[in-house]
Each structure stands twice: as C-alpha cells, then as structure tokens.
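Participant: sequence and predicted model, in that order:
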Amino acid sequence: MKITDHIKQANGKTLFSFELIPPRKGKSIQELYNNIDPLMEFKPPFIDVTTSREEFVYIEKDGLLDKKVTRMRPGTIGICASIKHKYDVDTVPHVLCGGFTKEETEYMLVDCHYLGIHNLMALRGDAMREEQYFKPTPGGHEYALGLVEQVVEMNKGHYLNGMVETSDCSDFCIGVAGYPEKHLEAPSLKTDLKRLIQKVEAGADYVVTQMFFDNKKYFEFVDLVRAEGIDIPIIPGIKPIAVKRHLQLLPQVFKIDLPQELIESVESCKSNADVRQVGIEWAIQQSKELMEGGAPVLHYYSMGKSDNVKAIASELF
C-alpha cells in the first residue's frame, strides 16, 4: 500500500514508523531483525531502509596502499524485500543521486516494481566522506528533483531508452526530504522551500523532514509549505539524543539548533546512559505535542538501535 493511502486510512490518527540502516558487509541480517522485533507491537505501516553511497577504502598491496571504491553497507533492496516478506509491512528504500547513474537507478526501480515495493524516498544524498562538497556521479542526477522526474516518467511507462508498451506500469509513491531549518547548503530557508515546491510540482507525494528538536520549527515549516498551496503529508522526523557527543555532532553535520533546555539537561548528565534517558524523555514530549498538532506519522531515526525508540513508542502508541 502507498504511504499516502496508509495516512488516509488512519483517518487523522498519528501513525508510527522508523528508519533503519543496512548492516555492514559481513554482518548478519539477524541483527537487523533483532532490532525490528521489539518495535512491531506498535504496528508500523512502513519501515524505511537507507542507502549508503560508495566510499574509498585503502588496501595494502605489495607494501603500498591501493585506493579502492566500495559500498560498506549494500543490500538496501534485498533488505526491503526481506523485511516486507518476514513482517508483512511496507518498506521504503532510499534512492540516491550520489553514487548511482540514471541507468543504475532505473534497474533499482525495476527491481522494486518486481518485488512489490511501491514506495521510495528520492534523495540527493551526501558528499563522499573525503569530499567537502557533493559531486554528481557521471551519468547520474545532480538533484533529487531529477530523481523524482525519472520515477514519475517510469510510472508512465517512459524508460531511459524510450517508451515501453506495457500494461504493468509501476506506480511508485514518492517521498522527498524537507528541512524545517533549511538544507545545510541552501543559502536561505526561502530558497530551500522553492526547491521543495519544485519536487512536489514534479510529482512528489509526501515529505519527511530532517530531524529537529524544537517543534516550533516543524509547525512553522508546515505553515510555510501550506501557504504555497501544497497539501501533501509532511511527516516529522525525530531523532532521540543518545550520547553527549550529539551536542556537537548533530549541529555540525546537519546544521540544526538544539534548544537550550535540552543542551543543559544533557550537559548535566554523568553518563551516556543518563543522556539516553534524557533523549527518550525529550522525544516523548516532542512526540506528544506533534500528535496533538496533527502530525500524520511520527518517523523515528533509529540508526539500527531499537531500545530508545521502543521506550518512546510505549508511551505513545
């Protein structure tokens, strides 16, 4: 079922969902299952699975370091199919510009269609770890807008090599990212909003926001989007603070603000276990307010660990 249909069928009730990252190569998928199992009691209608782009590794050979390109967390589509089959839940793979050509993207979309995966997130992705700025993959898309357009064309039966006569067109439901505090590379929130509008006009069906810790930012963002005449669902993304290092890391990586009250609570903690509890309590209060404000879904960035998300969901769903 499409994400938008799940939301319609909920009739105003806030739904629960979460996001996973694939295990590193060599790790068992059972580790993923072990973190999914405790969350299934909250009946998520869908689960997102991220896609990691390629990265450089250095392999010693004959006393020299040989630079290679590899993917350390492959398997997104296989994981989506496995979770869908095992738990009878819809899955949402993340489709990236970075690291993929348009042709490779088309192959991924064909795989999804064959596997009965009807939802996806269209994202630009990040710069490679050793690069300061994002560089488009040769033959790939530069922006998520191009991905949205490619998916919409494929839904019409238009492939890269031309029109394909078929009675079995794909019908993907397309999610895109929204940034209540603007994308870190956008010169202004207004400019960033224009880019979101372009993606919606191109065919995006729903929005999932980047993490935020001040609900005022989310509600103001929703109002700005609605003022532009856009009425598709806007799903808030929630990340529970888990370690003290997040006070520096999250603003540095995502260019977001943390409320002073949260900062002081985390700084007063004597251990990361205490920080984790502060993060849980903050996310519970965030979530309650978002539910009262009519958020269609609460989408949690679990990073593959379910204990804190379970503690939050237990108070809400």
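Facilitator: Great, that's in hand. Numbers count the residues shown, from 1 in each chain.

Participant: give me the beta-bridge partners of V208?
Facilitator: Beta-bridge partners of V208, counted by DSSP bridges, are A177, I235.

Participant: excluding residues flanking it in the chain, which one is nearest H158?
Facilitator: V164 (7.8 Å; CB to CB, 6 or more residues apart in numbering). For glycine as for every other residue, the C-beta is placed from the backbone atoms N, C-alpha and C.

Participant: doesn't K156 make contact with that neighbour?
Facilitator: No: counting by CB atoms under 8 Å, V164 does not reach K156; the two are 10.0 Å apart.

Participant: quick check: K288 vs L15, distance?
Facilitator: Distance of K288 to L15, computed by CB to CB, to the nearest Å: 15 Å.

Participant: next one: E185
Facilitator: Remark: distance between E185 and L15 (CB to CB) = 31 Å.

Participant: likewise L247?
Facilitator: Distance from L247 to L15, counting by CB to CB: 30 Å.

Participant: list the contacts of G178.
Facilitator: Neighbouring residues of G178 by CB atoms under 8 Å, 6 or more residues apart in numbering: 196, 207-210, 221, 225, 234.

Participant: widest-spaced pair of these?
Facilitator: With distances taken as CB to CB, the most widely separated pair in the contacts of G178 is Q210 and V225, at 13.9 Å.

Participant: where does H85 fall, helix, sheet strand or coil?
Facilitator: helix (DSSP: H, G, I helix; E, B strand; the rest coil).

Participant: can you pull the contacts of Y301?
Facilitator: 18-19, 211, 237-239.

Participant: find me the pLDDT at it, would you?
Facilitator: The model reports Y301 with a pLDDT of 96.

Participant: now do G26
Facilitator: On pLDDT, G26 comes in at 89.

Participant: cool, and the one 5 residues further on?
Facilitator: Taken from the predicted model, the pLDDT recorded for E31 is 92.

Participant: tell me the secondary structure at it.
Facilitator: helix.

Participant: that one: what's its closest spatial neighbour, skipping adjacent residues?
Facilitator: Once flanking residues are discounted, E31 sits nearest to P23: 5.7 Å by CB to CB, 6+ apart.

Participant: quick one: that neighbour from N35, how far?
Facilitator: 10 Å.

Participant: shared neighbours, those two?
Facilitator: By CB under 8 Å, 6+ apart, the residues touching both P23 and N35 are G304.

Participant: determine the longest helix present in the protein.
Facilitator: If you go by DSSP state H, the chain has its longest helix at helix 272-292.

Participant: what's the mean pLDDT across that one?
Facilitator: Helix 272-292 carries an average pLDDT of 97.

Participant: so for that helix, what gets flagged as buried?
Facilitator: 275-284, 286-287, 290 (16 or more other CB atoms under 10 Å).

Participant: and for it, what are the contacting residues?
Facilitator: By CB under 8 Å, 6+ apart, helix 272-292 touches 14, 213, 215, 218, 236, 238, 240-244, 246, 262, 265-266, 269, 298, 300, 308, 311-312, 315-316.

Participant: in PyMOL, select just the buried ones from the residues you listed.
Facilitator: Here is the PyMOL command that picks out the buried ones among these, judged by 16+ other CB under 10 Å:
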select buried, resi 14+213+215+218+236+238+240+241+242+244+246+262+265+266+269+298+300+308+311+312
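
Participant: which of the contacts of helix 272-292 fall within helices?
Facilitator: 215, 218, 246, 262, 265-266, 308, 311-312.

Participant: for the stretch 51-200 of the chain, which spans come out with low pLDDT?
Facilitator: Residues of the stretch 51-200 of the chain that meet the criterion pLDDT under 70 lie in 55-56, 67.

Participant: the helices in it, which residues?
Facilitator: Using DSSP state H, counting those that start in this stretch, the helices of the stretch 51-200 of the chain run over 76-87, 102-114, 144-155, 189-202.

Participant: do you know which of these lies nearest G125?
Facilitator: Nearest of these (CB to CB): helix 144-155, 8.6 Å.
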